[in-house]
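Enquirer: Return atomic coordinates for the entry below.
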Amino acid sequence: SQPPPWGRGPVIDIGGRGFRFPAAPKFPFGAWKGILAALVGGVLLFTTYYQVEPEEVGVVQRFGAYVRTSDPGPHLKLPFGIETVTKVPVQRQLKMEFGFRTTRAGARSEFATPPEAQAESVMLTGDLNVAVVEWIVQYRIRDPKAYLFHIRDVPETFRYMAEAAVRQVVGDHSVDEVITIGRAEIALAAKEELQRLCNLYGIGIEIQQLVLQDVNPPGPVRPAFNEVNQAIQEKER
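Expert: I've put the predicted structure just below:
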C-alpha cells in the first residue's frame, strides 16, 4: 500500500489509496483558560446586571424573600439566581374593563362581549330592576411590595373587588338613577368603596378613576324602557 499523501490525522482507504485527514489543531492550555474565563465572565455579567426603566421600580428577592426596592437606572445583584428582580410599573396608569373587552385599540377601537363579561355586567338595582352596567377602572400601583406579596393573584382579586363595589352601590339606587341622572354619583361612590377595599386588603393599589361607560336596561326590555322615557318626555313637553 502507498503511504498517505498528506496529513497526520486518521487514515481512510479511498480507491486503494490511503488518505490521512489533517490532525485537529491543539490549543495551548492558556487559550482554554481564557475561553473559560470569558464564558464565566459573560454569565456573571448577565446574571448580575439589570436595568430599571424610568416608569418602573425593581423589587429584589433573595432566595424568594424580599430584600429591597431599586429605583430607575442600572443596578447590580447577586448572580446565578441568588437574587431575582421583578419590575413593577409604578408610574404607569393601568386599566381594567368590566362588561366588555377591547379587542383592538386605535382610532376605531373594536370591542367584544364574552360570556364572562356579560355575567359581570348584569346587576340588580335598589328597586328590583335589572341594569346592564359597563365600566372601567383606572389605577396605579402605589406600593410594589404589597402588590407582589400581600395578595396571591392580584388581577383576579382586584376584579372581584371592583365588581363587588359597583354591585353594592348600584343596589342602593333605583334603575332610573343608574341609567340617567345618578351615574356620576354612583361612579364616585363606587370608586370610594373600591379604594376602601384596596386599603383594607393591603393590595397596594391607588384608584385614580372609575367611569361608567354604558348603562342600559337588558336587551329584551330595552324597547319598552325607551318607549316609557319617550312618553315621559312628551308629557313634560
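
Enquirer: element containing the most centrally placed residue in the chain?
Expert: Residue closest to the mean C-alpha point of the chain, counted by CA atoms, centre = their mean, is residue 155 at 7.7 Å. Take DSSP states H and E as the rule and residue 155 turns out to sit in helix 154-170.

Enquirer: Which residue ranges of the chain form strands?
Expert: For the chain, the strands defined by DSSP state E cover 11-14, 17-20, 49-52, 57-62, 65-70, 73-76, 83-88, 94-98, 101-104, 110-112, 122-124, 130-141, 205-216.

Enquirer: between these, which gets nearest to residue 163?
Expert: Comparison of the strands of the chain against residue 163 by CB to CB identifies strand 94-98 as nearest, at 6.6 Å. Glycine gets a C-beta too; all of them are placed from N, C-alpha and C.

Enquirer: List the strands paired with the closest one, with their directions.
Expert: Taking DSSP bridges as the criterion, strand 94-98 sits next to strand 130-141 (antiparallel) in its sheet.

Enquirer: Which elements pack onto the helix holding residue 155?
Expert: On a contact count with 3 or more CB pairs under 8 Å, 6 or more residues apart in numbering; DSSP states H and E, helix 154-170 meets strand 94-98, strand 122-124, strand 130-141, helix 183-201, strand 205-216.

Enquirer: Switch those over to JSON lines; also include mean pLDDT.
Expert: Converted to JSON lines, the helices and strands packed on helix 154-170 look like this (pLDDT from 0 to 100):
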{"stretch": "strand 94-98", "mean pLDDT": "96"}
{"stretch": "strand 122-124", "mean pLDDT": "95"}
{"stretch": "strand 130-141", "mean pLDDT": "96"}
{"stretch": "helix 183-201", "mean pLDDT": "96"}
{"stretch": "strand 205-216", "mean pLDDT": "95"}
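
Enquirer: Would you mind saying which of the ones you listed lies nearest residue 61?
Expert: Among those, the nearest to residue 61 by CB to CB is strand 130-141 (16.9 Å).

Enquirer: Give me the number of neighbouring residues for the spatially closest residue to the residue nearest to the centre of the chain that is not a sequence neighbour.
Expert: In this structure, residue 155 finds its nearest non-sequential neighbour in residue 96, 7.6 Å apart by CB to CB, 6 or more residues apart in numbering. By the measure other CB atoms under 10 Å, the count of residues near residue 96 is 13.

Enquirer: cool, the one 3 residues further on as well?
Expert: Number of residues near residue 99 (other CB under 10 Å) recorded here: 24.

Enquirer: got the phi/psi numbers for it?
Expert: Residue 99 adopts backbone torsions of phi 90, psi -10, taken as degrees, to the nearest 10.

Enquirer: rewinding a little: got the strands of the chain as a markdown table, with distance to residue 148 columns?
Expert: Output for these, formatted as a markdown table (distance: least, CB to CB, whole Å):
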| stretch | distance to residue 148 |
| --- | --- |
| strand 11-14 | 63 |
| strand 17-20 | 64 |
| strand 49-52 | 15 |
| strand 57-62 | 6 |
| strand 65-70 | 8 |
| strand 73-76 | 17 |
| strand 83-88 | 6 |
| strand 94-98 | 15 |
| strand 101-104 | 25 |
| strand 110-112 | 30 |
| strand 122-124 | 32 |
| strand 130-141 | 9 |
| strand 205-216 | 12 |
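
Enquirer: Which stretch among the ones you listed approaches residue 171 most closely?
Expert: Among the strands of the chain, strand 122-124 sits nearest to residue 171 (CB to CB), with 6.1 Å.
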